[in-house]
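Undergrad: Got a predicted structure plus its sequence, pasted below:
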Amino acid sequence: MSKIIHIELDDSNLPPPTPEVEQERRVAMFDLLEENSFELVSRDDRPVPEGPYKLFLSVRERRLVFEIKTEANDPAGEFHLSLGPFRQVVKDYFLICESYFDAVKTAAPSQIETIDMARRGIHNEGANVLQERLEGKAVVDHDTARRLFTLICVLHFGG
């Protein structure tokens, strides 16, 4: 399976992220580049440029844009996904993350663990939504979808 070797987020129109959001972003990008699987799907029997790929993520006109290039910077594909299906799960994810960051400061370990389990569950839900939305465009494994979902959250709300 092919993979992503470079990733850029176009967050130029977003407010500066909070320190917590920036940390989530850094970790997701690091983990994504360390290990991922990303394979473009052939459409209309057209050949798909082989990976590895460079991924440029942005939001344009309220749509999530995946711009994919080859290692040599040749265009490999571009697709636009509606942000609508992500809205609720992104909102839920940010609310639970807020609770988690607050709990880490003052709550008992058992409370932190409970909130973290809920956070992971919502994160998994976001990854599943992303995998469904990418169907017919790209194939990603669950861990790659989770990390990409984190980056989508950063672009969706900015901070």
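TA: Happy to help now that I have it.
Undergrad: ok, the residue nearest to the spatial centre of the chain - contacts?
TA: The residue lying closest to the centre of the chain (Cα atoms, centre = their mean) is Leu148, at 2.0 Å. Leu148 makes contacts with Ala28, Leu32, Leu57, Ala127, Leu130, Val140, as judged by Cβ atoms under 8 Å, 6 or more residues apart in numbering. In this view, the C-beta of every residue, glycine as well, is placed from N, C-alpha and C.
Undergrad: Could you say which helix or strand holds it?
TA: helix 142-157 (DSSP states H and E).
Undergrad: Where does pLDDT dip in the chain?
TA: Low-confidence regions of the chain, defined by pLDDT under 70, span residues 1, 157-159.
Undergrad: where exactly do the helices run in it?
TA: 19-34, 84-106, 109-134, 142-157 (DSSP state H).
Undergrad: The first one - contacts with which helices or strands?
TA: Going back to what we said before, that points to helix 19-34. strand 4-9, helix 84-106, helix 142-157 (3 or more Cβ pairs under 8 Å, 6 or more residues apart in numbering; DSSP states H and E).
Undergrad: Quick check: which of these is nearest to Ile122?
TA: helix 84-106 (4.9 Å; Cβ to Cβ).
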